[in-house]
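Colleague: Model the following, please.
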Amino acid sequence: LQRLDSATMLAGVEGRTPYADTGVAALAESIPAGHRFWINEEDQAHTKMPLRRAFADDLPREIVDRPKASFPVPFQRWCASEASTLLESEFLRSYFQPGSLAIVAAEPERHWNLAWPLINLSLWGEEVFGN
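Modeller: The predicted structure is shown next:
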């Protein structure tokens, strides 16, 4: 929660984690696991069953019945638009082999899991060390 708070406040935004309240968490933990989630025939997890049941009359059926899904973040697109940073950063070149950076920069969408932290490291290095 401290990281969430720090990261959002740096951007002038306030983030809330509604289920982090100790009373809500204690109540949720008191519910037997078999009542909190279930797995269907396709091995898809259906979580937050008490919430789904509580709001079943107020939400469309496709929302209540849909399986858990992640929050999509377009890292691939972001990395592609910033790929030149990997080759231009003096800071990165001082710590990483130019060939390695070139491989990631050539296909940032494919190597987004490397490109994303490297781009952020480059931006941080420029901000802190000026290069």
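Colleague: Please tell me how far T22 sits from A7.
Modeller: Applying CB to CB, to the nearest Å, the value for T22 to A7 is 22 Å. Bear in mind the C-beta positions are built from the backbone N, C-alpha and C, glycine included.
Colleague: check contacts around P50.
Modeller: By CB atoms under 8 Å, 6 or more residues apart in numbering, the contact list for P50 reads 28, 31, 35-36.
Colleague: So G125: helix, strand or coil?
Modeller: Secondary structure state of G125, per DSSP: H, G, I helix; E, B strand; the rest coil, is helix.
Colleague: Would you agree it is in contact with E88?
Modeller: No. Between G125 and E88 there is no contact under CB atoms under 8 Å: 11.9 Å.
Colleague: which of the two has more neighbours?
Modeller: Neighbours were tallied for G125 and for E88 using other CB atoms under 10 Å; the higher tally belongs to G125 (17 against 13).
Colleague: How about that one, nearest residue that isn't a chain neighbour?
Modeller: Once flanking residues are discounted, G125 sits nearest to F91: 3.0 Å by CB to CB, 6 or more residues apart in numbering.
Colleague: Does that neighbour lie in a helix or a strand, and which?
Modeller: Assigned by DSSP states H and E, F91 falls within helix 90-93.
Colleague: The helix or strand hosting P117 packs against which elements?
Modeller: Element membership for P117, per DSSP H and E: helix 112-129. Using 3 or more CB pairs under 8 Å, 6 or more residues apart in numbering; DSSP states H and E, the elements in contact with helix 112-129 are helix 75-81, helix 83-88, helix 90-93, helix 98-106.
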